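Trainee: Could you work out the structure for the sequence below:
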Amino acid sequence: MSWFEGFERQTWKLGDVQIVGRTGGHPARPALVLLHGFPQSHVMWQRVAQALREDFFLVMPDLRGYGDSTALPASRDHAQMSKRAMAQDIVGVLDALGIAQAHVCGHDRGARVAHRLAVDHPQRVSKLCLIDIAPTLDMYERTDMAFARAYYHWFHLIQPTPLPEKMILGCWREYLYAKLGGWGGAGTGFLEPQALAEYERHFQRPETLSALCEDYRASAGIDLEHDRESRARGEKIACDTLVLWGERGVVHRMFKPLELWQAQCSAQVTGQTMSSGHFIPEELPQETEQALRSFFRA
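Mentor: Residues are numbered from 1 along each chain as shown. You can find the predicted model right below:
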């Protein structure tokens, strides 16, 4: 089957943000939103989406600042790249499509957006899947030397603009490949050539790099404020949740993702380790689609 055959490229205008993505699948089936992570775009889901197209109506947006979606200028508090703002974008996309409630699955940064979406808009999320993350607040509060070495990019990207952006632009291709191939030691052979070309196209743009750094700056600031406020109010994920993580990844090595997410959810939380590194949907597309189908169709 050819690249994204049967899927429609769409653009949603949401105030000052334009979200680009694809939709497709079975229009009479439940909606499933698939959210990508860093340093990628919605195209990471191509193989998984093709396998699920008969079971769901699939919605795959580029997060704001990523892919071809709008990259807003940097701000003092980084609120324009907060997970709350990014989650609101997903609500806007669902509204534009006339979808009242959807299943949601996110990988990496997309999973952090999915978490905030489920907390802020519980009526919009029927079931949730989080791939290869632990809660942002727990990860920062439990940071030690080993984690800082493994996820050094968290602490590099949050430095004040424009230094990280300028440093990455000077060797953007080497940096991109180091991220894509370094978390789990799988290299980049698991990536589809079309997807890799898209990642390269986006990653070399200064406005995209600025937005990506702002994403991480938000996670180290305003996102933590939102998470602490939610915990203080007792706000938890209210829907059944599936957690997947890679056995060669940092999350598996340094955290207990299932336990941490069970503490943040008032419904049932199940999960499993996958035989992969960090980029589970692309390293193991068949196993990923099987896990998602089993969970979301139950």
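
Trainee: tell me which strands and helices the helix or strand of the chain with the lowest mean pLDDT is in contact with?
Mentor: When each helix and strand of the chain is scored by mean pLDDT, DSSP states H and E, helix 172-182 comes last, with a mean of 93. Contact partners of helix 172-182 among helices and strands, from 3 or more CB pairs under 8 Å, 6 or more residues apart in numbering; DSSP states H and E: helix 193-203. All C-beta spots, glycine's among them, are computed from the backbone N, C-alpha and C.

Trainee: Distance from the chain centre to the helix it packs on, please.
Mentor: Distance of helix 193-203 from the chain centroid (CA atoms, centre = their mean, to the nearest Å) equals 17 Å.

Trainee: what angle separates that helix from helix 172-182?
Mentor: Angle, helix 193-203 to helix 172-182, by axes from the mean of the first three to the mean of the last three CA atoms, to 10 degrees: 130 degrees.

Trainee: which other residues reach helix 193-203?
Mentor: 3, 39-41, 43-44, 46, 66-68, 172-173, 175-176, 180, 188, 191, 208-209, 282 (CB atoms under 8 Å, 6 or more residues apart in numbering).

Trainee: quick one: contacts of the least confident helix or strand of the chain?
Mentor: So helix 172-182 is contacted by 38-39, 153, 168, 187-188, 191, 196, 199-200, 203-204, 209, 279 (CB under 8 Å, 6+ apart).

Trainee: Which two among the residues you listed are spaced furthest apart?
Mentor: 187 and 209 (23.3 Å; CB to CB).

Trainee: The most centrally placed residue in the chain is in what secondary structure piece?
Mentor: In the chain, the residue lying closest to the centroid (CA atoms, centre = their mean) is residue 110, at 1.5 Å. Assessed by DSSP states H and E, residue 110 sits inside helix 109-120.

Trainee: what do you get for residue 86?
Mentor: Here residue 86 is assigned to helix 83-97, by DSSP H and E.

Trainee: Residue 71 reaches residue 64, doesn't it?
Mentor: Yes: with contact defined as CB atoms under 8 Å, residue 71 and residue 64 form a contacting pair (7.3 Å).

Trainee: And those two? Which one has more around it.
Mentor: The neighbour comparison of residue 71 against residue 64 (other CB atoms under 10 Å) goes to residue 64, with 27 against 23.

Trainee: quick one on the thing from earlier: in strands, which of the contacts of helix 193-203 appear?
Mentor: With DSSP state E as the criterion, strands contain none of these.

Trainee: Could you list the low-pLDDT ranges of the stretch 101-250 of the chain?
Mentor: 184-186 (pLDDT under 70).

Trainee: can you give me the helices in it?
Mentor: 109-120, 136-141, 145-150, 152-157, 163-169, 172-182, 193-203, 206-219, 222-232, 250-254 (DSSP state H, counting those that start in this stretch).

Trainee: Of those, which stretch is the most buried?
Mentor: Mean neighbour count (mean count of other CB atoms under 10 Å) peaks for helix 109-120 among these, with a mean of 26.

Trainee: ok now that helix, how far from the chain's centre?
Mentor: The answer for helix 109-120 is 8 Å, by CA atoms, centre = their mean.

Trainee: Quick check: residue 273 is in a strand.
Mentor: Yes: counting by DSSP: H, G, I helix; E, B strand; the rest coil, residue 273 is located in a strand.

Trainee: Count the residues that sit near it.
Mentor: 16.

Trainee: any idea how far it is from residue 244?
Mentor: Between residue 273 and residue 244 the computed distance is 8 Å (CB to CB, to the nearest Å).

Trainee: Residue 179 now?
Mentor: Shown here: residue 179 relative to residue 244, a distance of 20 Å by CB to CB.
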